[in-house]
Each structure stands twice: as structure tokens, then as C-alpha cells.
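1. 3D model of this:
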Amino acid sequence: MSKEVKTVCVNRKARYDYHLLERWEAGLQLTGTEVKSLRAGRANLKDSWARLEKGELWLVGLHISPYEQGNRSNHEPERPRKLLLNARELRKIRRQLIEKGLTLVPISVYFTARGWAKVEVALARGKRQYDKRQTVAKRDSDRALARARKREES
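-> Next up is the predicted model:
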């Protein structure tokens, strides 16, 4: 991701539930009211995932709240949205998704410096329960070390 991005939402649970193997930046095919809601920061990636269907990549479960000033032609909040990647990237993703246990999860939705809505998707393998416990234990020990260093400095 480039330096000048405006992050709309981040899927923090994905880092906890999955081992993230490889990442891609994909464009989003959106309607006008969806873009306006995204600019207002009204989106949620919590239970979303990506699927490959007929050679196209679709983002499922991304909740973009209806635009408040929208009229009756407002968008549906959880409709599947097409992800825009080039053919080479799609072929690579298709080959890797065939492998057992891998899935595509969105990591974040953001606007680039040029104003384009993008989503960062990652190829992921689900963590087992003991992996999640290790993640929590490592995070706790890192916090304890940081606190100890801070106490020593003051």
C-alpha cells in the first residue's frame, strides 16, 4: 500500500483467525451511493470473504451502510461486489485456492491518493486453537516487555 491512503475499515479478526500467506490489492466495483458511504467510513469487513466464481473474484459479506442522503435507488448493504484484478493475478489465486484449506479474506478497505476504492485481500490458512493461544500469549508477553522497558526508562 502507498503512503497516502485513507483507511475505511480493517478486518482485525482476520489476523487472529488466519495465517496470512500472500496479499493483493484489488479494485472494487461500486455504485455511487456505496462510494459516498465508504468515504463516510460506514463499512464493516467482519464476516466477509472472497470467492472465485466463473473466473471472476467476488467479495461477499462486506457491509456498506446505505447512504443517508440516498433516495429509493440506494444500494443493498451486503450485496456481492466484484473485485478487479488482472488476469495473471486471478490465475495465480485460482491455482492456490485449489490447495486444501486456503481461503481469501479481505484485510482492509481504503482509498488511494488518486481516490480509488481498493481492498487488500490475502490468501489465508485457518489457525488451529493452539495457534490462536500462541498468538495471544506472544502479544501479552510483548506488552509486558514494553511495560518493563518503559518503567526502566523512567
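
2. can we go C-alpha only for contacts and neighbour counts from here?
-> OK.

3. Residue ranges in the protein under the pLDDT threshold?
-> 1-3, 70-71 (pLDDT under 70).

4. let's go with 90 and repeat that
-> 1-24, 26-57, 59-87, 89-104, 108-109, 111-118, 123-142, 144-154 (pLDDT under 90).

5. ranges for the helices of it?
-> Assigned by DSSP state H, the chain shows helices spanning 12-17, 32-39, 87-98, 129-153.

6. what sits up against the shortest one?
-> Residues outside helix 12-17 that contact it (CA atoms under 8 Å, 6 or more residues apart in numbering): 46, 105, 106, 107, 126, 127, 132, 135.

7. what's the answer for stretch 35-42, then?
-> Here stretch 35-42 has contacts from 8, 9, 43, 64, 65, 66, 67, 117, using CA under 8 Å, 6+ apart.

8. And stretch 46-65, by the same measure?
-> Stretch 46-65 is contacted from outside by 11, 13, 34, 37-38, 42-45, 77-84, 90, 94, 103-106, using CA under 8 Å, 6+ apart.

9. before we move on, back to that, which of the helices of the chain sits most buried?
-> Of all the helices of the chain, helix 32-39 has the most neighbours on average by mean count of other CA atoms under 10 Å, namely a mean of 19.

10. Just the C-alphas of that helix, formatted as PDB.
-> Extracted C-alpha coordinates of helix 32-39, given in PDB (Å, rounded to 0.1, in the frame of the first residue of the first chain):
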ATOM      1  CA  GLY A  32     -22.200   5.900  -6.400                       C
ATOM      2  CA  THR A  33     -24.000   5.600  -3.000                       C
ATOM      3  CA  GLU A  34     -21.600   2.900  -1.900                       C
ATOM      4  CA  VAL A  35     -18.600   5.200  -2.600                       C
ATOM      5  CA  LYS A  36     -20.200   8.000  -0.600                       C
ATOM      6  CA  SER A  37     -20.900   5.700   2.400                       C
ATOM      7  CA  LEU A  38     -17.300   4.400   2.200                       C
ATOM      8  CA  ARG A  39     -16.000   7.900   2.200                       C
END
